[in-house]
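Trainee: sequence and predicted structure below; questions after.
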Amino acid sequence: MLRNTRYDANELWQKDHDHVIHPWTDFSQWDDKGSEIMAEADGIHVYDSHGNRFIDGIGGLWCVNIGYGREEMAEAIAEQVRAIPYYSPFHHLSTPPAGLLGAKIASLTPGTLDHMFFGTGGSMANDTAVRFVHFYWNNLGRPNKKKIVSRVDAYHGMTYMAAALTGIAYDKIGFDQADEMVVHVACPYTYRRPEGMTEAEFCDWLIEDFRKRIEEVGAENIGAFIAEPVMGAGGVIVPPEGYHKRMFEVCKANEILYISDEVVTGFGRLGHFFASEDVFGIVPDMITSAKGISSGYQPLSATIVSQEVYDVLSTPQADGALFTTGFTYSGHPVCCAAGMKNIEIMEREDIPGHVRKVGPYFEKRLAELNDLPLVGETRGKCFMLGVENVANKETKELLPAEVNVGERIAEHAQANGVIVRPLGHLNVISPPLIMTEAQIDEFVDVLRGAILATQDDLVREGHWKG
């Protein structure tokens, strides 16, 4: 039951329908379906405006790492609002939470990644990283090093530059892109590697593809390579063993900066505050983060740079020149206070340790779904997981897009109290990091039932023989 009954659910649905443009709206269904409005939340559960309760298997959107309903977080936010809710971050001005959070994050980052630029979202963090790359090479007298190398099926955001970095073709339909700035290389999609190729051979092939692309474009024209440690919206793609280390080595050999996009993987989702070094063994030149940095309680992001990069960024380009980039809400005090409280909770409760302990159990339970005819592969790490659904397990053939298999599974799961995210033929899982083994059991059991129900639907409708 909802604790707060101030909403009229039907009236609220209508107002939202009539006036709000939502991200990733399917306008072919909008008039009939509108939005499902989530009105309250607690722990790992969310409640819609009618009072129905669901296990939130997507963590808001990869981000509510500490779970919902944290009273101490509400108090920290309120206390900062009372003290000073906002002040300009421009021209040598600041507020206490920005410096406190900057120092705290610096104590958690690898290497000399000790300097950070705060924003309000992952797209902003990645746009900022590109601006920093260009400024860096300009200051070093190498203005041709402008191209950014990204990967097919990567997701780096939806602001104009971040959308160009994103390599998911479906996300670009109808929109223009700054494509002249970006070069894409092959996706490390191990499940769909060329037939007959081992994982090690596939890794060799990926590295060679990167080298060839550098030769084509010219290392003198490439400023940076950007990569998610585990690709998120592109399908929860875990790269082959050794991939990131070897890509990093190619970058260093060609004087290409390495940007690790930890918008999703940062702040505990893989069992560490940052996954770049602790999970994949690299210390990049930049790390971008958002989402789990505040567990979604306030909009916050950080573009974090190494001492070497900072030394160049902090050198004026001319007498009296300013570092003319920034945003009204950079280092917003309420957002930074939420970030500080978020880290405090994560450290006190050792949430990363919990993920390292329980994550393998989650992987194991999810892997049990591989016995289902519709499931081609379950994959991922810890609390960042996915299920790929196929028409044929042997050939890995997909069902027709119009069948909407991921959407069907998500609808069956939600009807039984579990939210998973549909992405075409995939279902993506990224719940709050406080989930227990018993809750994982409940979650996976409902998901199994949803896949079985979808199988039955497809057979009955003649879309699939099973």
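Mentor: Looks like it arrived, so ask away.
Trainee: only C-alpha atoms for contact and neighbour calcs from this point on.
Mentor: Will do.
Trainee: ok, residue 324 - contacts?
Mentor: Going by C-alpha atoms under 8 Å, 6 or more residues apart in numbering, residue 324 touches no other residue.
Trainee: how near is it to residue 128?
Mentor: Here residue 324 is placed at a distance of 12 Å from residue 128 (C-alpha to C-alpha, to the nearest Å).
Trainee: then residue 419?
Mentor: From residue 419 over to residue 128 the distance is 33 Å, taken as C-alpha to C-alpha.
Trainee: looking at the two, which one has more neighbours?
Mentor: Between residue 419 and residue 128, residue 419 has the larger neighbour count (other C-alpha atoms under 10 Å), namely 29 against 22.
Trainee: quick check, pLDDT for the more buried one.
Mentor: According to the per-residue confidence, residue 419 scores 98 in pLDDT.
Trainee: is it true that it touches residue 59?
Mentor: No. With contacts defined as C-alpha atoms under 8 Å, residue 419 does not count as touching residue 59, sitting 9.3 Å away.
Trainee: give me the neighbour count for the closest residue in space to residue 327 that isn't next to it in sequence.
Mentor: Closest residue to residue 327 in three dimensions, ignoring its sequence neighbours and counting by C-alpha to C-alpha, 6 or more residues apart in numbering: residue 119, at 7.2 Å. Neighbouring residues of residue 119 were enumerated by other C-alpha under 10 Å; the total is 25.
Trainee: list the residues that contact residue 119.
Mentor: Under the criterion of C-alpha under 8 Å, 6+ apart, the contact partners of residue 119 comprise 125, 300-303, 327, 329-331.
Trainee: can you name the two of these that sit furthest apart?
Mentor: Using C-alpha to C-alpha, the contacts of residue 119 reach their maximum pairwise distance at 303 and 329, which is 14.1 Å.
Trainee: quick one, which of the two is more surrounded?
Mentor: When residue 303 and residue 329 are compared on other C-alpha under 10 Å, the one with more neighbours turns out to be residue 303, at 27 against 18.
Trainee: quick check: the residue lying closest to the more buried one once chain neighbours are set aside vs residue 105, distance?
Mentor: Sequence neighbours aside, residue 288 is the residue nearest to residue 303 in space, at 4.6 Å (criterion: C-alpha to C-alpha, 6+ apart). When distance is defined by C-alpha to C-alpha, residue 288 is 12 Å away from residue 105.
Trainee: same drill for those two, tell me which one is more crowded.
Mentor: For residue 288 against residue 105, the residue with the higher neighbour count under other C-alpha under 10 Å is residue 288, and the figures read 31 against 20.
Trainee: just after the strand or helix carrying the more buried one, pick out the following helix or strand.
Mentor: With the criterion set as DSSP states H and E, the secondary-structure element containing residue 288 is strand 286-289. Past strand 286-289, heading to the C-terminal end, the next element that is a helix or strand (DSSP H and E) is strand 301-305.
Trainee: residues in contact with that next one?
Mentor: Under the criterion C-alpha under 8 Å, 6+ apart, external residues in contact with strand 301-305 comprise 112-122, 124-126, 128-129, 285-291, 293.
Trainee: buried ones in the helix or strand hosting residue 443?
Mentor: Taking DSSP H and E as the definition, residue 443 sits inside helix 437-461. Judged by neighbour count (16 or more other C-alpha atoms under 10 Å), helix 437-461 contains these buried residues: 440, 443-444, 446-448, 450-452, 454-455, 458.
Trainee: and the contacts of that helix?
Mentor: Contacts of helix 437-461 from elsewhere in the structure, counted by C-alpha under 8 Å, 6+ apart, are 55, 57, 358, 361-362, 365-366, 369, 372, 374, 405, 408-413, 416-418, 464-466.
Trainee: and those residues, which are buried?
Mentor: Under a neighbour-count criterion of 16+ other C-alpha under 10 Å, the subset of these counted as buried comprises 55, 57, 358, 361-362, 365-366, 369, 372, 374, 405, 408-413, 416-418, 464.
Trainee: measure residue 220 to residue 137 for me?
Mentor: Between residue 220 and residue 137 the distance is 10 Å, computed by C-alpha to C-alpha.
Trainee: tell me where the stretch 1-150 of the chain has strands.
Mentor: 38-42, 45-48, 53-56, 115-119, 147-151 (DSSP state E, counting those that start in this stretch).
Trainee: and the fourth one, C-alpha only, in CSV?
Mentor: Listed in CSV are the C-alpha atoms of strand 115-119, where the atom choice follows Å, rounded to 0.1, in the frame of the first residue of the first chain:
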residue,chain,number,x,y,z
HIS,A,115,41.1,15.9,-10.1
MET,A,116,37.5,16.1,-10.9
PHE,A,117,35.0,18.2,-12.7
PHE,A,118,31.4,17.8,-11.4
GLY,A,119,28.3,17.8,-13.6
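Trainee: what lines up beside it in the sheet?
Mentor: strand 301-305 (antiparallel) (DSSP bridges).
Trainee: for the second one, same thing?
Mentor: Listed by DSSP bridges, the sheet partners of strand 45-48 and their directions read strand 38-42 (antiparallel), strand 53-56 (antiparallel).
Trainee: need the winner for burial among the ones you listed.
Mentor: When neighbours are counted by mean count of other C-alpha atoms under 10 Å, the highest per-stretch mean among those falls to strand 53-56, a mean of 25.
Trainee: which other residues reach that one?
Mentor: By C-alpha under 8 Å, 6+ apart, the residues outside strand 53-56 that reach it are 1, 44-47, 414, 417-420, 431-432, 443.
Trainee: residue ranges in the stretch 1-150 of the chain under the pLDDT threshold?
Mentor: Scanning the stretch 1-150 of the chain for pLDDT under 70 picks out 1-6.
Trainee: average pLDDT across the helix holding residue 443?
Mentor: In this model, helix 437-461 has a mean pLDDT of 97.
Trainee: what helix or strand is the residue sitting furthest away from the middle of the chain on?
Mentor: Seen from the C-alpha centroid of the chain, the residue lying at the greatest distance (C-alpha atoms, centre = their mean) is residue 319, 39.7 Å away. With elements delineated by DSSP H and E, residue 319 resides in a region that no helix or strand encompasses.
Trainee: surely residue 115 meets residue 106?
Mentor: Yes. In terms of C-alpha under 8 Å, residue 115 counts as a neighbour of residue 106; the distance is 7.0 Å.
Trainee: which of the two has more neighbours?
Mentor: A count of neighbours by other C-alpha under 10 Å puts residue 115 above the other of residue 115 and residue 106, at 20 against 16.
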